[in-house]
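*Asks:* Build me a model:
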Amino acid sequence: MTFSEVIQFVLDYIVPIVLGLIILYLVIKRLNKTAKIYLRMKKYVKQAIKLDRKKFNGLQLVDKIKRKRKRHSNSFQHLRGGAKRLSRKYFAHKIEEIPVFTRYTHGKLFKRSKNKVAIYIKQGKKTLEKIYMKHGVKRLIESTNNHHCLDEMITFLHYLPDAILEQRPYDIYVAATDVNITYQVK
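*Replies:* Below is the predicted model of the structure:
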């Protein structure tokens, strides 16, 4: 075998095989990474459900903060003492938790989801506010102050993970200001 025949043999067989193996390795690595992320989300969802029952129970929070606010008010700015801290902590937890529930529910084992949750405050068919989770706690607090719907927002956020997991629509009506709080996954 001459040198040119050896080079021709390498180019004909070994280089395509090595390139094919590299591509196969990268695809398998990507699938493995996506599967690990999905399984971590599954574990997080189970832990979050337990944590919601014990530490971040929205229904119990509503009962606690009813005693720590000015009379006949239903907004964050009228809370007193530790009620503001408890509510802010609850909102921060839910803002962290809800996107994970969405990615878990709308993703597959080998495919990541890029869907995001938006909370809508509507009056009839008119949308008054659209709140994305990336806007943070401040936007939720502002909306509860503007529409006087603190209790309803906490209750809505309490039941929202269950609605996302079951992929069903969910909304809550605020009678005082005649608005609906609903969500949409995009």
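*Asks:* The helix ranked longest in the chain: which residues count as buried?
*Replies:* Of all the elements of type helix in the chain, the one with the most residues (DSSP state H) is helix 15-54. The neighbour-count check on helix 15-54 (16 or more other CB atoms under 10 Å) flags 34, 38, 41, 44, 45, 48, 52 as buried. Glycine gets a C-beta too; all of them are placed from N, C-alpha and C.
*Asks:* would you list the residues you listed in CSV and tack on distance to residue 7 and pLDDT?
*Replies:* Putting the buried residues of helix 15-54 into CSV (distance: CB to CB, whole Å; pLDDT from 0 to 100) gives the following:
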residue, distance to residue 7, pLDDT
34, 39, 87
38, 45, 86
41, 50, 89
44, 54, 90
45, 56, 90
48, 59, 90
52, 65, 85
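*Asks:* Identify, from the residues you listed, the entry nearest to residue 129.
*Replies:* Of all the buried residues of helix 15-54, residue 129 sits closest to residue 52, with 24.7 Å by CB to CB.
*Asks:* distance of that closest one from residue 84?
*Replies:* Look at residue 52 and residue 84: by CB to CB, to the nearest Å, they are 21 Å apart.
*Asks:* gap between the nearest residue to residue 58 once chain neighbours are set aside and residue 144?
*Replies:* The shortest distance from residue 58 to any non-neighbouring residue, by CB to CB, 6 or more residues apart in numbering, is to residue 158 (2.8 Å). Distance of residue 158 to residue 144, computed by CB to CB: 14 Å.
*Asks:* out of the two, which sits in the busier spot?
*Replies:* residue 144 (24 against 19; other CB atoms under 10 Å).
*Asks:* can you tell me which residues contact the closest residue to the more buried one other than its chain neighbours?
*Replies:* Closest residue in space to residue 144, ignoring its immediate chain neighbours: residue 150 at 4.5 Å, by CB to CB, 6+ apart. Neighbour list for residue 150: 65, 74, 75, 76, 79, 87, 144 [criterion: CB atoms under 8 Å, 6 or more residues apart in numbering].
*Asks:* Let me have the residues you listed in a markdown table, adding secondary structure and pLDDT as columns.
*Replies:* What follows is the contacts of residue 150, written out as a markdown table (DSSP: H, G, I helix; E, B strand; the rest coil; pLDDT from 0 to 100):
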| residue | secondary structure | pLDDT |
| --- | --- | --- |
| 65 | helix | 93 |
| 74 | coil | 91 |
| 75 | coil | 92 |
| 76 | helix | 93 |
| 79 | strand | 94 |
| 87 | helix | 95 |
| 144 | helix | 94 |
